[in-house]
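Sequence first, predicted coordinates after that:
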Amino acid sequence: MRPVIDHVPFAAAELDAIVERFESAGFDPTYGGEHPDAGTEMAALVLPDGSYLELVAPTREDPAWWGEFFEHADPLGGPTDWCVETGSVHAECQRVIEQDVEVHGPSHGSRERPDGTLVEWDNAFLGPQDEHLLPFVVSDRTPREYRVPDSELYGSPVSGISWVVLATGDLDATAERFQRLYRLPNPERDYDDTYGELARFPGQDVVLCEPDGGRVRDRLDRFGPCPATVLLSADVDDARHQHPLDGGREWFGKRVRFVDGLDGYLGVVSR
């Protein structure tokens, strides 16, 4: 199973605050309702290719997931996890269990949209509970368009999620883990002053990094292995007319810029 990104959750202390930050950066998230069982609420930034960023904030003191990210969100806790859509959550759980991967679920999820539409799905989290390195998986019980409405960004210079960048303390071991679990090709290597050693699997949506220090290393030390940033596929020159971009650099021969005001958690990469 190739891990194609369905969506990436971003933690926030308060939903209005993170929506305002994204709006200031030229995006327009749409409120999507509460997760009553999880104790959270969300807004979605749906991209033209159907992938999306899920902006999530707690509605109670003990949310079921990502509590540590909410606790340190000020107001933005960054990407907490990443999600892959699968035809059957149960089948994918069985497949990874046979690869000695710890599984939490499957479980049923739901939320009611503001228009009254009930959205339902099954999901499961893969790997130890103290890391957020492997994706969680989802399959829809209701039509996917209930969960992911059409994007309002058609014609935008940003087209979808290109890479989720995962921070790890052992790049080689993590790369081997992904290769074994998903039968990925050997990774390409690069280096960045902020993200440290980089490994990218050709044709895939995942980049691994092993930071030496700085904010990415601090994040790794605080939360354990987890997403460090998300890069959206874009025409970079056009994107800078709609979004405040800075931090020019090049990874794997592609231009990378970060969205100013989002703490380095979101950027764009040239198509």
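Here it is on my side, so go on.

buried ones in stretch 124-139?
Of the residues in stretch 124-139, those buried by neighbour count under the rule 16 or more other CB atoms under 10 Å are 124-127, 132-139. From N, CA and C alone the C-beta is placed, and that goes for glycine too.

Which single one of these is nearest to Ile5?
Nearest to Ile5 among those: Pro135, at 7.8 Å, using CB to CB.

how close does the closest residue to that closest one other than its chain neighbours get to Ile18?
Among residues not flanking Pro135 along the chain, Val84 sits closest, at 4.3 Å (CB to CB, 6 or more residues apart in numbering). With the distance defined as CB to CB, to the nearest Å, Val84 ends up 23 Å from Ile18.

Gly87 - nearest residue in space that isn't next to it in sequence?
Closest residue in space to Gly87, ignoring its immediate chain neighbours: Ser139 at 6.3 Å, by CB to CB, 6+ apart.

Surely the one you found and Thr86 touch.
Yes. With the criterion set as CB atoms under 8 Å, Ser139 and Thr86 qualify as a contacting pair; they are 5.5 Å apart.

about what we covered before: more neighbours: which of Val84 and Ile18?
Between Val84 and Ile18, counted using other CB atoms under 10 Å, Ile18 has the larger neighbour count: 23 against 20.

Give me the secondary structure label for that one.
Secondary structure assignment for Ile18 (DSSP: H, G, I helix; E, B strand; the rest coil): helix.

That one: what's it in contact with?
Taking CB atoms under 8 Å, 6 or more residues apart in numbering as the criterion, Ile18 is in contact with 10, 12, 43, 55, 57, 73, 75-76.

Tell me where the model's unsure across the stretch 1-150 of the chain.
Judged against pLDDT under 70, the low-scoring parts of the stretch 1-150 of the chain cover residues 1.

how about the helices in it?
When assigned using DSSP state H, counting those that start in this stretch, the helices of the stretch 1-150 of the chain occupy the ranges 15-24, 67-71, 89-97, 144-147.

Need those in JSON lines (columns: distance to Leu231).
Shown next, in JSON lines, are the helices of the stretch 1-150 of the chain (distance: least, CB to CB, whole Å):
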{"stretch": "helix 15-24", "distance to Leu231": "16"}
{"stretch": "helix 67-71", "distance to Leu231": "19"}
{"stretch": "helix 89-97", "distance to Leu231": "25"}
{"stretch": "helix 144-147", "distance to Leu231": "23"}
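
I'd like to know which of those lies nearest to Leu181.
When the helices of the stretch 1-150 of the chain are compared by CB to CB, helix 89-97 sits nearest Leu181, at 6.7 Å.

For that closest one, buried residues please.
Burial within helix 89-97, assessed by neighbour count using 16+ other CB under 10 Å, is assigned to 89, 92-93, 96.

Kindly provide the distance from the closest residue to Ile18 other than its chain neighbours to Phe69.
Nearest residue to Ile18 in three dimensions, chain neighbours excluded: Ala12, at 3.4 Å (CB to CB, 6+ apart). Distance check for Ala12 against Phe69: by CB to CB, it reads 9 Å.

shared neighbours of those two, anything?
Shared contacts of Ala12 and Phe69, defined by CB under 8 Å, 6+ apart, are found at Gly77.

Pull the contacting residues for the residue nearest to Gly87.
Each residue near Ser139 by CB under 8 Å, 6+ apart is listed here: 85-89, 121-123.

quick check, nearest of these to Leu262?
Proximity of these to Leu262, judged by CB to CB, is greatest for Glu85, which lies at 24.9 Å.

Isn't that closest one up against Gly50?
No. Glu85 sits out of contact with Gly50 when judged by CB under 8 Å, with a separation of 9.4 Å.
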